[in-house]
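Asks: with the sequence up front, the predicted model follows.
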Amino acid sequence: MMNARQQRAWCHVGDVLVPGHAPLPKYSETRAVELIPRLLAAGHPDDASAISLVVQCLRVVPKPLLAMLLHLVAAASRLRGAPGGPFRLLELGLRGVVLSSYYAGLDAADGESRIHGHLGYHISCHTGTDTSA
């Protein structure tokens, strides 16, 4: 479970990565942050604590500077071989958690996700027992 300060930190980073453009909401306008503990629990505990520590440090960085910093991380992640490795891991950790939680569809207020609805993505489950044919 995350405390309010940790949620604000993830929303701060999330709003830079997913600023929202009409009609899509920005990250903090969804309930995506609620999914982050489950996402982090699926990985190695050391990785979860490391990325959480990075996010807590980024919490104090102003959004324009954070956007520039994340852009530099993305550029450095394209370096070949070992020099780009840490940057690739950092970008994967930040973007992976934020985007996975954002596109999970937790923003649904009335059963329909604004994000999924705008993208035309509708999940359905067919059990194969349909006898109407």
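Replies: In hand now; what should we look at?
Asks: just for the protein, where's the confidence low?
Replies: 107-112, 122-125, 130-133 (pLDDT under 70).
Asks: so which residue is dead centre in it?
Replies: Geometric centre of the chain, nearest residue: residue 98, 0.8 Å, by Cα atoms, centre = their mean.
Asks: please, which helix or strand holds it?
Replies: In this assignment (DSSP states H and E), residue 98 forms part of helix 85-102.
Asks: where's the residue nearest to residue 17 when sequence neighbours are not counted relative to residue 70, distance?
Replies: Of all residues beyond its chain neighbours, the one nearest residue 17 is residue 98 (4.9 Å), with distances taken as Cβ to Cβ, 6 or more residues apart in numbering. To be clear about C-beta, it is placed using only N, CA and C from the backbone, and glycine gets the same treatment. Plainly put, residue 98 is 10 Å away from residue 70 if you go by Cβ to Cβ, to the nearest Å.
Asks: now the common contact residues for these two.
Replies: Common contacts of residue 98 and residue 70, defined by Cβ atoms under 8 Å, 6 or more residues apart in numbering, comprise residue 17.
Asks: tell me which stretches of the chain form helices.
Replies: Chain-ordered helices for the chain, with DSSP state H as the definition, fall at 4-17, 36-41, 45-58, 63-76, 85-102, 114-119.
Asks: need those helices in JSON lines (columns: distance to residue 27).
Replies: Formatted as JSON lines, the helices of the chain follow (distance: least, Cβ to Cβ, whole Å):
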{"stretch": "helix 4-17", "distance to residue 27": "3"}
{"stretch": "helix 36-41", "distance to residue 27": "11"}
{"stretch": "helix 45-58", "distance to residue 27": "13"}
{"stretch": "helix 63-76", "distance to residue 27": "12"}
{"stretch": "helix 85-102", "distance to residue 27": "6"}
{"stretch": "helix 114-119", "distance to residue 27": "10"}
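Asks: burial count for residue 83?
Replies: Neighbour count for residue 83, taken as other Cβ atoms under 10 Å: 9.
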